[in-house]
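A.B. asks: Kindly generate the corresponding structure for this input.
(2 chains)
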Amino acid sequence: MNNPNPVSGSSDRDPVSGSPDRDPVSGSPDKDPATEAARVAAGGANRAAAVTAPKRPEPEARPSLGRLFLDNLWAANTVTVTVLAVLLAMFVGAVLIIVSDPDVLATYGYITARPLDALNASWTVVSEAYANLFKGAIFDPEASGFTAVLSPISETLTYTAPLVFTGLSVALAFRGGLFNIGAQGQATIGVILAALAGFLLPLPPVLHLIVALLAGAVGGALWGFIPGILKARAGAHEVINTIMLNYVAVYFLSWIIIQSGVQNPDRADAISKPVDSSAQFPRLLGGDLRVHAGILLAVLATWFVAWLLNRSTFGFELRAVGANPDAARTAGISVAKTYVLMMAIAGLLAGLGGSQMVLGSTANALTPLVVAQIGFDGILVALLGRVKPWGVLLAALLFGALQAGGNRMQSYSGISLELVTVLQALIVIFIAAPALVKAIFQLRAARAARLQTSLAKGW
Amino acid sequence: MSTMAVPDVAVAQVDEGFWTRTRKIGAVLLALGVLAAVLFGALATDQQARFTLSETEGGAALEIHGTVGAILFGVIAAAAGAALMAGVPKRWFTVLLGVGLVAFVLSFLCWQVSAAPEGRNFMPLVNIVRGTFILALPLIFGALAGVLCERSGVVNVAIEGQLLMGAFSGALFGSLSGSVWVGLVAAAIGGAFISLLLAVFAIRYLVDQVVMGIVLNLLAVGITGFLYERLMQTNAEKYNSAPRFSNWEIPLLRDIPVLGPALFRSNIFLYLGLLLVLVIHIALFRTRWGLRTRAVGEHPTAADTLGVKVLGLRYRNVLLAGVVAGIGGASYTLALYSFTKNMIGGKGFIALAALIFGRWSPTGALLAALFFGFADQLGTYLGAIGSSIPSQFLAMLPYLATMLAVAGLVGKVRAPAADGKPYIKG
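C.D. replies: Take a look at the predicted model:
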């Protein structure tokens, strides 16, 4: 096997890793330690290793707790790789900030004469940008008063909530072996139906919100059901169909906004009527702070997906189909049914995420860009969260924080919000190739690392 | 699609009752034709539907009475469908299907043009053809980039990013240098840069290629958007005023009616795009490189056994794809518009659709791109004549057509067998 990793491949090569039935798609070299059990079973040439293998952990358990902590800190485990990926991304971001600032760039013209000028100027512009990112996302030391202190957290949570849903949507499909690029389209249909229910139906407060959310969920589920049934019945690849449905949804949105009865009669541009206040999420920390009950729903959804995946029969079937559809079929699981139901649930989650864009505090009316990028960001969130529900929640928090901080960075430092997109994409690129991060930082191979991220297959 | 390939073949051989695929398609076409004759015929007015051979209302024109035309072409489409149902020899299938679909579109156009308000009830064919090709151009480049990548077994979902990066670096370096040619080279390098990332992560680090493609698209949107806001918006004159290729008229060919003014008085990108289709088609199916590329895309182990350097070939093809897509991106910024944020706006994904719709072949991709370009242009045209059909629904057409194609309703679509599977030398 062409092991791309210089670190883990250097020591004992196990015979199993060279076997062709290892899944090449998720063939991260970090899986090697996981095959230890197989190595024991393999015996043969490695019999000596097999005998010593169970004993090996004991001497390592002896060192002090601090030593163990440090060892693990520099091992390629999930947390370390994630942190280093974030740092690497921020480093590339810093380079971009510097090369796109003509004033700073000018100081590099005479760097040999006065190197401190260039370094100082670079440090100033980068540190100011990232300081504002931090202040906008987590805490501003200069702020005083209840609202000002909590405002960054409130913003972060507001951006986090929809990302949790789209991230869960993508992650759920990933676990079942499908790549749901259509969270964007599902969220779009979700937001349309939620908004329509939000301003067309005259209902009392709590009921109205529930009905609007249900409408959004149904819309998303329908948009997930289509690629699911096409996959199950005709074998049509879900990646292609979900991409196509994304665009169909966008055009449908831009059409429905300008229909009479939907378009805001007071406005000439493409914007719908506002959603009734009875259909909006209650704000959690008073009217001045934007954080709303959607984040609680997001935590609930995370718990539900975690339960569904790990504790329910359907979750077991879903994971079985994701691991090997042929084996699952042989075992009596209906692969077609699993695909359809899985995509419908994934769509439902994305639809709920989309609904938040008009029922929360981000906006209260449909516009062509009302769902922003939450569907595509959901893909990144799912990958960063290692396609695990609680991981997705944490990843969404990080992305929400970047988004909230990015807003402040844009208004205070004049650094375009697009930098956040760059950072997010770079983080996920580094996460997706843990071997690269390990090579850059010369990390040790972790014992129980499960760093492979991607589970989808080719066309 | 690898999952569908096996059961699908079995089904095709066993289940050949009365309702073969040809008959099903014939039935659909028959229904469409009848619908066109009745519905479009009823909606069409008794004005003349004029298809002028120029850019304006005047000059030579093909004319037909609106209602008569709509019904006539509808009947032709229905007849083609009926012929397919009756069971014609296989070699007539494509011809009849083509005739049927074209007749259906013509029936639709007779209704639309004749129902347009007085003074606008004509269709300038030169504009339509030219617009079709201009709108199809980035799709052609993008789909060719897809062909190069995917025929050698690397899924290229990053076409959007390659186009965007090409457009951006073409605009940036074209502006800085003041030379279109420097811009063109920079655009090719820009596209190749995204390709390089795709190649390294897909081939060296075995990252899932679809995932990588999607992430690279976001990265390209982010980087170009960021630098656009930082550089081009603050100082457009210095960073975003690339020179443009002028139109080159080709003697003799430019005098062909309709096609001449529409195609042969165009800029370098159109000629380059059409030439590339031809070159890649010949190279893929007639040269040693093409044979090796296809072998690596279908069965890399076998190719490796015979001494083909699988990974090297994949690296080269993916980079080449980036060059092609980068030039495609430059067809925006070095010929038509100055750079704006996210200016490709999903064309990369339609190019992907064109690639699939065209069944991973260069000529198929060209035809699919032209079909999508036509749908796009038709939407613009119908908007201009105040049609009752919402342009948004026409804009959905390429996407819906691709979904139908992938679901196996239009024909069997099969990707190269090893597409998307990283090759690990055993």
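
A.B. asks: So in chain B, which helix runs the longest?
C.D. replies: helix B:125-151 (DSSP state H).

A.B. asks: chain center to that helix, what's the gap?
C.D. replies: 5 Å (CA atoms, centre = their mean, to the nearest Å).

A.B. asks: Would you mind identifying the next helix or strand past that helix?
C.D. replies: Sequence order places helix B:159-177 as the next helix or strand after helix B:125-151, per DSSP states H and E.

A.B. asks: follow-up on the earlier one: what is the orientation angle of the longest helix of chain B with helix B:159-177?
C.D. replies: 110 degrees (axes from the mean of the first three to the mean of the last three CA atoms, to 10 degrees).

A.B. asks: helices and strands around helix B:125-151, which ones?
C.D. replies: helix B:159-177, helix B:180-199, helix B:259-263, helix B:268-286, helix B:288-298, helix B:310-333, helix B:347-357, helix B:362-384 (3 or more CB pairs under 8 Å, 6 or more residues apart in numbering or on different chains; DSSP states H and E). To be clear about C-beta, it is placed using only N, CA and C from the backbone, and glycine gets the same treatment.

A.B. asks: Contact partners for residue A:283?
C.D. replies: A:289-293, A:361 (CB atoms under 8 Å, 6 or more residues apart in numbering or on different chains).

A.B. asks: Adding secondary structure and pLDDT, write those out as JSON lines.
C.D. replies: Shown next, in JSON lines, are the contacts of residue A:283 (DSSP: H, G, I helix; E, B strand; the rest coil; pLDDT from 0 to 100):
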{"residue": "A:289", "secondary structure": "coil", "pLDDT": "88"}
{"residue": "A:290", "secondary structure": "coil", "pLDDT": "90"}
{"residue": "A:291", "secondary structure": "coil", "pLDDT": "90"}
{"residue": "A:292", "secondary structure": "strand", "pLDDT": "92"}
{"residue": "A:293", "secondary structure": "coil", "pLDDT": "92"}
{"residue": "A:361", "secondary structure": "coil", "pLDDT": "84"}
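
A.B. asks: closest to residue A:313 among these?
C.D. replies: Set against residue A:313, the nearest of the contacts of residue A:283 by CB to CB is residue A:293 (30.8 Å).

A.B. asks: Find the nearest non-adjacent residue to the closest one, please.
C.D. replies: The shortest distance from residue A:293 to any residue other than its chain neighbours is 4.5 Å, reached at residue A:281 (CB to CB, 6 or more residues apart in numbering or on different chains).

A.B. asks: sec struct for that neighbour, please.
C.D. replies: What DSSP: H, G, I helix; E, B strand; the rest coil gives for residue A:281 is coil.

A.B. asks: need the contact list for it.
C.D. replies: Counting by CB under 8 Å, 6+ apart, the residues that residue A:281 touches are A:209, A:292-294, A:356, A:359-361.

A.B. asks: Out of the residues you listed, give me the two with the largest separation.
C.D. replies: Greatest spatial distance in the contacts of residue A:281: A:209 and A:361, 13.3 Å, computed using CB to CB.

A.B. asks: what do those two both touch?
C.D. replies: Counting by CB under 8 Å, 6+ apart, the residues touching both residue A:209 and residue A:361 are A:280-281.

A.B. asks: Which one's more surrounded, the two?
C.D. replies: Each of residue A:209 and residue A:361 has its neighbours counted (other CB atoms under 10 Å in any protein chain shown); residue A:209 has more, 24 against 20.

A.B. asks: Per-residue pLDDT of the residue nearest to the more buried one when sequence neighbours are not counted, please?
C.D. replies: Once flanking residues are discounted, residue A:209 sits nearest to residue A:279: 5.2 Å by CB to CB, 6+ apart. Here, the pLDDT recorded for residue A:279 equals 90.

A.B. asks: List the residues that contact residue A:279.
C.D. replies: A:197-199, A:203, A:208-209, A:211-212, A:359.

A.B. asks: where along the stretch 1-150 of chain B do the helices fall?
C.D. replies: Using DSSP state H, counting those that start in this stretch, the helices of the stretch 1-150 of chain B run over B:2-14, B:21-35, B:41-43, B:66-86, B:93-115, B:125-151.

A.B. asks: Can I get those helices in JSON lines including mean pLDDT and mean neighbour count?
C.D. replies: Output for those, formatted as JSON lines (pLDDT from 0 to 100; neighbours: other CB atoms under 10 Å in any protein chain shown):
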{"stretch": "helix B:2-14", "mean pLDDT": "40", "mean neighbour count": "13"}
{"stretch": "helix B:21-35", "mean pLDDT": "85", "mean neighbour count": "18"}
{"stretch": "helix B:41-43", "mean pLDDT": "85", "mean neighbour count": "16"}
{"stretch": "helix B:66-86", "mean pLDDT": "88", "mean neighbour count": "22"}
{"stretch": "helix B:93-115", "mean pLDDT": "86", "mean neighbour count": "21"}
{"stretch": "helix B:125-151", "mean pLDDT": "92", "mean neighbour count": "26"}
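
A.B. asks: Reformat the ones you listed as CSV; add distance to residue A:389.
C.D. replies: Converted to CSV, the helices of the stretch 1-150 of chain B look like this (distance: least, CB to CB, whole Å):
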stretch, distance to residue A:389
helix B:2-14, 26
helix B:21-35, 43
helix B:41-43, 53
helix B:66-86, 50
helix B:93-115, 47
helix B:125-151, 34
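
A.B. asks: tell me which parts of the stretch 51-200 of chain B are close to chain A?
C.D. replies: Selection of the stretch 51-200 of chain B residues close to chain A by CB under 8 Å from any CB of the partner chain yields B:150, B:155, B:157, B:197.

A.B. asks: Need the max-distance pair from these.
C.D. replies: So, those by CB to CB: farthest apart are B:150 and B:197, at 17.2 Å.

A.B. asks: Nearest residue to the middle of chain B?
C.D. replies: In chain B, the residue lying closest to the centroid (CA atoms, centre = their mean) is residue B:369, at 1.9 Å.

A.B. asks: Just give the nearest non-adjacent residue to it, would you?
C.D. replies: Spatially, and ignoring its direct neighbours in sequence, residue B:369 is nearest to residue B:139 (3.8 Å; CB to CB, 6+ apart).

A.B. asks: related to what we said a few turns ago, quick one: which of the contacts of residue A:283 is the most crowded by neighbours?
C.D. replies: residue A:291 (25 neighbours).

A.B. asks: Identify the residue nearest the geometric centre of chain A.
C.D. replies: Centrality entry for chain A: nearest residue to the mean C-alpha point is residue A:381, 0.5 Å, by CA atoms, centre = their mean.

A.B. asks: What residues does that one make contact with?
C.D. replies: A:163-164, A:166-167, A:170, A:392, A:395-396, A:399.

A.B. asks: Roughly how far does the nearest residue to residue A:441 once chain neighbours are set aside sit from chain B?
C.D. replies: With sequence-adjacent residues excluded and distances taken as CB to CB, 6+ apart, residue A:441 is closest to residue A:84, at 5.7 Å. Using CB to the nearest CB, to the nearest Å, we find residue A:84 at a distance of 15 Å from chain B.

A.B. asks: In contact with residue B:151, which residues?
C.D. replies: Applying CB under 8 Å, 6+ apart to residue B:151 gives the contacts B:284, B:293-294, B:297, B:317, B:360, B:416.

A.B. asks: State the pair within those that is farthest apart.
C.D. replies: B:317 and B:360 (13.2 Å).

A.B. asks: The two - which one has more neighbours?
C.D. replies: A count of neighbours by other CB under 10 Å puts residue B:317 above the other of residue B:317 and residue B:360, at 27 against 23.

A.B. asks: what packs against the helix or strand residue A:162 falls within?
C.D. replies: Using DSSP H and E, residue A:162 maps to helix A:146-175. With contacts taken as 3+ CB pairs under 8 Å, 6+ apart, helix A:146-175 sits against helix A:115-137, helix A:183-200, helix A:294-311, helix A:313-323, helix A:335-359, helix A:374-384, helix A:389-408.

A.B. asks: Relative to residue B:114, which of these is closest?
C.D. replies: With CB to CB as the criterion, residue B:114 lies closest to helix A:183-200 of the helices and strands packed on helix A:146-175, at 34.4 Å.
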